[in-house]
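Engineer: Quick check, what structure comes out for this input:
(one chain, ligands or ions: 1)
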Amino acid sequence: MRRALIVGGGISGLSAAYELAKAGIPSTIVERRPRLGGVIQTDHAEGCVLEAGPDSFLAAKPWALELIRELGLGGDIIGSNDHLRVTYVVKGGKLTPLPDGLMLMIPTRIWPMVATRLLSWPTKIRMGREWLRRPPKEPLPDRSVAEFIREHYGQETVDYLAEPLLAGVYGGDPNRLSAASVLTRIVELEAKYGSLTRGVLAQRKRAAQAARSMPLFQTLKGGLGQLTAALERAAADHLEVIHGDAGPLELVPGGYKLPVNGEWIETRNVVLACQAHEAGGLAAGIAPELAQLLNGVEYSSSMVVTLGYGKRELGHPLNGFGFLVPKRERRRLVACTWVGTKFSFRVPEQLALLRCFLGGADDSALALSDEEILAALGEELRDLMGVTARPAFHRISRWPRSMAQYTVGHAARIARIEELVQQMPGLHLAGNAYHGIGIPDCVRMGRQAARQI
Ligand SMILES: Cc1cc2nc3c(=O)[nH]c(=O)nc-3n(C[C@H](O)[C@H](O)[C@H](O)COP(=O)(O)OP(=O)(O)OC[C@H]3O[C@@H](n4cnc5c(N)ncnc54)[C@H](O)[C@@H]3O)c2cc1C
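Structural biologist: The predicted model follows:
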């Protein structure tokens, strides 16, 4: 019987395998794809570093950085070029800069809000009046992000700030996402101050100090594939990798067994480091309620299309990190990152790289052919940025049902899932469905599962 088997070789599963290897415990990763890394995949073309999935992580969450330093890659960490950070939002078909002084979607400075073309006067006046809100008398139940933001700042703020900002992170619908799980700290401010603006301002000093000392995003010079490759190398002496589909778990005395490539594998511990709907399928025969709850975690699909141009042919100054497209503006594009501005070392001087996101709550784009996608993007980039040149090269990556959605009631659902997992000795969960969608949280949960073993 094996000591530990991990289903899923993404960053969560690899972090678990690494932590086990550090303790001298052998493990086996079962991964369906022919490579490890999950949605993290770095390619290279024409001297560019191309990220097919995530391109960076939030610097404020320390777990990915700690791991990177531990792996000896500290010298390759780079930060986003925050001195060049301007994010645009499409309004009426035009790129409009986000006003200065926004903390996520909370306004903290008067004049940039007064001057912005992104919001109408009634919304601006409503934003000013929000200052007068008093704390609620009793704790409020979980609400959708849309309800929560609408209550404080009105529908236009949902449409032109909350929706596009969150679509870029979760690919989700603010009418379904849980305010308590997605905007946890902001909901806490409501409980304490009533007004979110007053709450953010009261904490601004601390936040400003932290922001000055750290870039917003961090990554590795050679791309995030450096991290997954280093994890694989560091765990290699204690790691076996089997490429294939893990099948449903069954109980055996002292552990579990599951079929992989037509053979049964027995293990004392199993870490389900795959999407919750996959974990639900694997647990269906041994824990039906757990399986049902796991299957109930919603996922959105996304697509990353990277387009490479000669800089001179592009005909648009890349004077910012890129732009977000609110759903109200009805485009295929959800967001577009201007890679060479956001990060150094990614694009040679003479080239320009546009990283386009599609998908999200409406995942119909994933069914389109490559030609249809390129044609649709060509049209939209011409309208929004005036780009008429054809890209010199491109990469298209589809990620179906890859991004967990923390919908209303998420915290209660996960608490019950964890209660049920406690009743199954040797069973562990890790991944983006539980306590954080980003890479740092996945690292933390993978390592935590291993420590329990
Ligand atoms: C396009 C995109 C952009 C993102 N951008 C960012 C970003 O910039 N910053 C950030 O912090 N986060 C970002 N995220 C989120 C973050 O990348 C993911 O949440 C995280 O990488 C998920 O890692 P994971 O190991 O939990 O899951 P995955 O990477 O999805 O890995 C799970 C693995 O399990 C395998 N698997 C599933 N079922 C089975 C089975 N039955 N048998 C065998 N194998 C199985 C799958 O093949 C997969 O490889 C992004 C995500 C996407 C999709």
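Engineer: burial count for residue 141?
Structural biologist: 8 (other C-beta atoms under 10 Å). C-beta here means a position set from N, CA and C on the backbone, and glycine is covered the same way.
Engineer: how about the residues of the stretch 51-200 of the chain near the ligand?
Structural biologist: By C-beta under 6 Å from any ligand atom, the residues of the stretch 51-200 of the chain that approach the ligand are 53, 54, 55, 56, 57.
Engineer: how about the residues you listed in CSV, adding neighbour count?
Structural biologist: Below are these laid out as CSV (neighbours: other C-beta atoms under 10 Å):
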residue, neighbour count
53, 20
54, 19
55, 23
56, 23
57, 24
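Engineer: Please narrow the residues you listed to those residing in strands.
Structural biologist: The strands, defined by DSSP state E, take in residue 57 from these.
Engineer: okay if I get the residues of the stretch 51-200 of the chain next to the ligand as TSV plus pLDDT?
Structural biologist: Putting those into TSV (pLDDT from 0 to 100) gives the following:
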residue	pLDDT
53	97
54	97
55	96
56	96
57	96
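Engineer: Among the residues of the stretch 51-200 of the chain next to the ligand, which one sits closest to residue 102?
Structural biologist: Nearest to residue 102 among those is residue 56, at 19.7 Å by C-beta to C-beta.
Engineer: contacting residues around the closest one?
Structural biologist: Counting by C-beta atoms under 8 Å, 6 or more residues apart in numbering, residue 56 makes contact with 80, 217, 218, 219, 224, 342, 343.
Engineer: Please flag which of those residues sit within strands.
Structural biologist: Using DSSP E, those in strands are 217, 218, 219.
Engineer: And the first one, how far from the ligand?
Structural biologist: Counting by C-beta to the nearest ligand atom, to the nearest Å, the gap between residue 217 and the ligand amounts to 7 Å.
Engineer: again with residue 81
Structural biologist: For residue 81, the distance to the ligand - C-beta to the nearest ligand atom - is 16 Å.
Engineer: list the contacts for that residue?
Structural biologist: By C-beta under 8 Å, 6+ apart, the residues touching residue 81 are 215, 341, 342, 343, 344.
Engineer: tell me which element residue 100 is part of?
Structural biologist: In the assignment (DSSP states H and E), residue 100 maps to no helix and no strand.
Engineer: Show me which residues of the stretch 201-350 of the chain are close to the ligand?
Structural biologist: 245, 246, 273, 274, 275, 278, 302, 304.
Engineer: can you put those in a markdown table and add secondary structure and pLDDT?
Structural biologist: Converted to a markdown table, these look like this (DSSP: H, G, I helix; E, B strand; the rest coil; pLDDT from 0 to 100):
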| residue | secondary structure | pLDDT |
| --- | --- | --- |
| 245 | coil | 97 |
| 246 | strand | 98 |
| 273 | coil | 98 |
| 274 | coil | 98 |
| 275 | coil | 98 |
| 278 | helix | 98 |
| 302 | strand | 92 |
| 304 | strand | 96 |
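Engineer: I'd like to know which of the residues you listed are buried.
Structural biologist: Buried members of those, scored by 16 or more other C-beta atoms under 10 Å, are 246, 273, 274, 275, 278, 302, 304.
Engineer: give the contact list for the fifth one.
Structural biologist: Okay, so that is residue 278. 7, 8, 272.
Engineer: and if you look at residue 309?
Structural biologist: Counting by C-beta under 8 Å, 6+ apart, residue 309 touches 351, 352, 353, 354, 387, 389, 391, 392.
Engineer: Can you name the residues bridging to the first one?
Structural biologist: Think residue 351. Judged by DSSP bridges, the bridge partners of residue 351 are residue 310.
Engineer: burial count for the nearest residue to residue 34 once chain neighbours are set aside?
Structural biologist: In space, and not counting its chain neighbours, residue 34 is closest to residue 243: 5.8 Å by C-beta to C-beta, 6 or more residues apart in numbering. By other C-beta under 10 Å, 15 other residues sit near residue 243.
Engineer: same question, residue 425
Structural biologist: Residue 425 has 10 neighbours, counted by other C-beta under 10 Å.
Engineer: my guess is it is in a strand, correct?
Structural biologist: No - in this structure, residue 425 is coil, not part of a strand, as judged by DSSP: H, G, I helix; E, B strand; the rest coil.
Engineer: Please list all residues in contact with it.
Structural biologist: Applying C-beta under 8 Å, 6+ apart to residue 425 gives no contacts.
Engineer: For it, give its distance to the ligand.
Structural biologist: Separation of residue 425 from the ligand (C-beta to the nearest ligand atom): 22 Å.
Engineer: Over to residue 344?
Structural biologist: Counting by C-beta to the nearest ligand atom - residue 344 and the ligand are separated by 17 Å.
Engineer: how close does that residue sit to residue 368?
Structural biologist: 33 Å (C-beta to C-beta, to the nearest Å).
Engineer: from the residues of the stretch 201-350 of the chain next to the ligand, which two are the most distant?
Structural biologist: Pairwise distances across those (C-beta to C-beta) peak at 26.2 Å, for the pair 246 and 304.
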